[in-house]
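Novice: Sequence and predicted structure, then a few things I'm wondering about:
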Amino acid sequence: MNHSPASRNSQENTPPPRILTLQIDGQDLSGRADETILEIARQNKIHIPTLCRLDGLSGHGGCRLCLVEISGQNRPVPACLTYPQEGMVISTASQRLQDYRRKILELLFSERNHVCAVCVSNGHCELQELAVELGLSHVRYEYLHPRLEVDGSHARFIRDPNRCVLCLRCVRVCAEVEGAHTWDVMGRGISSRVITDLNQAWGSSQSCTACGKCVQVCPTGALSEKGTSVAEMIKHRHFLPQLLAMRTNRRE
Amino acid sequence: MTLKHKDLQQIAAAEEQRQQGFQHRIHVCQAAGCLSCGSREVQESLEQVVADRELEQEVQVKGVGCLGLCSAGPLVAVASADRLYQGCAPTDAGSIVDGLTSTAKTDADGAGTLPFFSKQHKIVLENCGSIDPERIEEYIAAEGYAALYTVLREMTPAEVIEEITRAGLRGRGGAGYPTGLKWSTVAKALRQTRYVICNADEGDPGAFMDRSVLESDPHRVLEGIAIAAYALGAAQGFIYVRAEYPLAVKRLRKAIAQAERLGILGKNICNSGFSFDLQLRLGAGAFVCGEETALIASIEGLPGKPRPRPPYPAESGLKGCPTLINNVETFANIAPIIRRGSDWFAAIGTEKSKGTKVFALAGRVCRTGLIEVPMGTSLTEIVFEIGGGIPDQGRFKAVQTGGPSGGCIPEQYLHMGVDYESLAQVGSIMGSGGMIVMDQSSCMVDVARFFMEFCMSESCGKCVPCRVGTTQLHALLSKITQGRATPGDLATMEELCDLVKNTSLCGLGQTAANPVLSTLRYFRDEYRAHIDNQRCPAHHCSMATTRERP
Ligand SMILES: Cc1cc2nc3c(=O)[nH]c(=O)nc-3n(C[C@H](O)[C@H](O)[C@H](O)COP(=O)(O)O)c2cc1C
Ligand code: FES
């Protein structure tokens, strides 16, 4: 599952990563061979939209919003999981990419119920911000919007699967940072559902430590704190990098 | 134990003698198709008749693998007299045995001259229907494991890879990637722990090529895998087979046990110093688990979901180690190439696609079943000569290849020779070898909808374009077949096809739009008739009931 550069380097005695030169959107840049194109772009203030990606968690590659074009390759690749090669020429903002990103977002909006006006995260939602950024104004498809039951069984948190975009940040943070493995995915394809334990009510979960990390990393109003009303759920976006930095410092 | 060449020859000679001891040899198909219509009872009844008449010394009755003409099962072949009985019942046993000694002509005579058989060229299927898949001795008598022995004793790994490369063999799992190149990539990898995986997940609807090979000649696949393992320096291998193939699983288990007992698998094979452990892994039958990265995740015990490539499995596969993954049919070609040489193999087929291809011929065609033809054989030969044309005076409309990742090929390309390049040119793919013939009663929009439904329900759900895109494509196609679509929907659908094709994470999504794109390319009129006139030209979709939105 983990194909991060760290795990690749720990295998046998590989030499330290090489420094490469590459071009992003016409800028000549340098980057390390074990940094993703997304990381190199960010270091150079080149913005690429992302949704499933979260610093501190393993890569997922599911949302496809970070797609970039590499010259010589017809199919765009996810910047969050692609490593550079010497002399690579990358484009992050072509018309085609912008169209693709907007259309992918359109699909997400058609999948579940994302009516912002009644959402706890209204105004603080990454999905909403992306819609504004990418200029999504309407959805041409039939709304699929299955009616999914809201789980309010937990003492402190609420799960509203109708707002879920299946980025699986909750699954990853719970497994990789908290180590509780409470969250998982059930079913496949359009019937995929994020569940707690073996699809038990969250409140009855034996593994959940109620740490709330999943709530903080959730990009939408799918996971929220109890007692918040419309637009009141503001998430601490910087807590994860801070937490991980603290852990590293303590170890050193 | 260590097996010597002499031992192999002895086993082969003993087996041949045993076979020749019989005056008459009756083969009863015991592969899944015929078994499902009662071939076990036919075999039992034949054995009973032979026993009752005390003919056990002269007449051999044995179960064999797929005889090919699956639509006409249960099949019984009299191998000693070129006779094929179709649609047999247990009550026919008496007359079949009577027929052995009579010189009178029967309907079953001259099976070999039927175009269904005479047009074929069997390499992968050479033993199918002639050997008992559950006895390793019969495989050895048919030159089995001779190639492995040669490789271990006389060839360096580099020479083996060179031979496969020169043969021009390409992967039979779908994409046609050059097998020699794949092997040499894994062999070059830095890490010493390497794995070989045989992809026997075969998930395309209508495809049963790999299943038939595994059920009819499992040792051929084991031999190919072992040769690959030697060439790459892999000590462990896995066959990933779907649990829905219980007979294939049973025969593979038996074959592995037999090979281990003879020292053909396991430690210090044939005293060469090379050891190789081969195990089965059962999949739960998700189509996406046939995708190589999902398959590897599944073997590792993780959910069977793909991850982006690169890194390719050849560089970082099972447990992060260099891994070779090839299809069943690819492995089944290895031993014959070693035995007969790369020049022999490269002389068969077309310039860029060498050898033969096994197809599962199905749909509106008189004779359906399993066929193997040289690459470059025309669709006309396959559909009209081997398949016997369209039944009930029907009219040919299209042939679908490549399953849910493929496309529909219309009449104007019937003359076209089938190989990887030509199929891609007309907007389809070789795929794993499913071939569905359609006549005028098929609605092409509905065909596209059928495959989209498959992709939608088999999508793993990890990436948005595949998870939601296939669902929305299916919704749009349903709208069209129900007569509820507007011209604007067609444009939306074409745009969505482009999106799903170019932005999906793995091959499933990347190819899911192909059936729509190819039917749009050749049968756009049919889409228009549904949309503009609420009419289905094939009279297949019923519009009346759904005119107003539910
Ligand atoms: C959705 C999907 C399903 C696949 N299913 C199969 C399969 O059932 N059997 C198979 O051999 N290859 C399948 N493949 C192709 C494999 O990923 C892989 O390319 C193949 O096993 C390589 O073997 P080859 O080089 O011998 O063709 C599938 C690919 C995709 C994208
Ligand atoms: S951020 Fe790269 S795929 Fe989601």
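Specialist: Okay, I see it. Numbering: from 1, shown residues only, chains lettered A, B, ... in the order given. Ligands and ions are numbered 1, 2, ... in the order given.
Novice: Tell me which residue of chain B lies closest to ligand 2.
Specialist: The minimum distance from chain B to ligand 2, using CB to the nearest ligand atom, falls at B:C463 (7.5 Å). To be clear about C-beta, it is placed using only N, CA and C from the backbone, and glycine gets the same treatment.
Novice: Tally up the residues packed near the nearest residue to that residue once chain neighbours are set aside, please.
Specialist: In space, B:C463 comes closest to B:L505 once its chain neighbours are excluded; the distance is 4.0 Å by CB to CB, 6 or more residues apart in numbering or on different chains. For B:L505, the neighbour count with other CB atoms under 10 Å in any protein chain shown is 27.
Novice: So B:G320 versus B:P311, what's the distance?
Specialist: From B:G320 over to B:P311 the distance is 9 Å, taken as CB to CB, to the nearest Å.
Novice: and these two? which has more neighbours close in?
Specialist: Using other CB under 10 Å, the more surrounded residue of B:G320 and B:P311 is B:G320, with 19 against 16.
Novice: still on that earlier bit, just want the phi and psi numbers for the residue nearest to B:C463.
Specialist: Main-chain dihedrals, B:L505, degrees, to the nearest 10: phi -70, psi -40.
Novice: give the contact list for it.
Specialist: For B:L505, the contact set (CB atoms under 8 Å, 6 or more residues apart in numbering or on different chains) comprises A:G61, A:G62, A:R64, A:P78, B:P306, B:R307, B:P308, B:K462, B:C463, B:C466.
Novice: okay, how far is it across stretch A:118-127, tip to tip?
Specialist: From its first residue to its last, stretch A:118-127 covers 15 Å (CA to CA, to the nearest Å).
Novice: That should have said stretch B:351-371, apologies.
Specialist: Distance across stretch B:351-371, first residue to last, is 21 Å (CA to CA).
Novice: How about it and ligand 1, touching?
Specialist: No - judged by CB under 6 Å from any ligand atom, stretch B:351-371 makes no contact with ligand 1; its nearest approach is 11.7 Å.
Novice: Helix or strand: which one has the nearest residue to B:A146 once chain neighbours are set aside?
Specialist: Spatial nearest neighbour of B:A146, chain neighbours left out: B:R339 (6.1 Å); criterion: CB to CB, 6+ apart. Assigned by DSSP states H and E, B:R339 falls within helix B:334-340.
Novice: How far away from the center of its chain is that helix?
Specialist: Counting by CA atoms, centre = their mean, to the nearest Å, helix B:334-340 is centred 19 Å from the centre of its parent chain.
Novice: same question, stretch A:137-149
Specialist: Chain-centre distance of stretch A:137-149: 21 Å, with CA atoms, centre = their mean.
Novice: again with stretch A:48-55
Specialist: Distance, centroid of stretch A:48-55 to centroid of chain: 5 Å (CA atoms, centre = their mean).
Novice: Once you drop chain neighbours, what's closest to residue 207?
Specialist: Went with chain A since none was named. That would be A:T182: by CB to CB, 6+ apart, it lies 4.6 Å from A:S207.
Novice: Wait, chain B was what I had in mind.
Specialist: B:G434 (4.0 Å).
Novice: Can you report phi and psi for that neighbour?
Specialist: Per degrees, to the nearest 10, the backbone of B:G434 is at phi -70, psi 140.
Novice: burial measure for it, as a count.
Specialist: By other CB under 10 Å, neighbour count at B:G434 equals 23.
Novice: contacting residues around it?
Specialist: Residues in contact with B:G434 (CB under 8 Å, 6+ apart) are B:D204, B:P205, B:G206, B:A207, B:F359, B:A360, B:A362, B:Q400, B:T401, B:G402, B:G403, B:G406.
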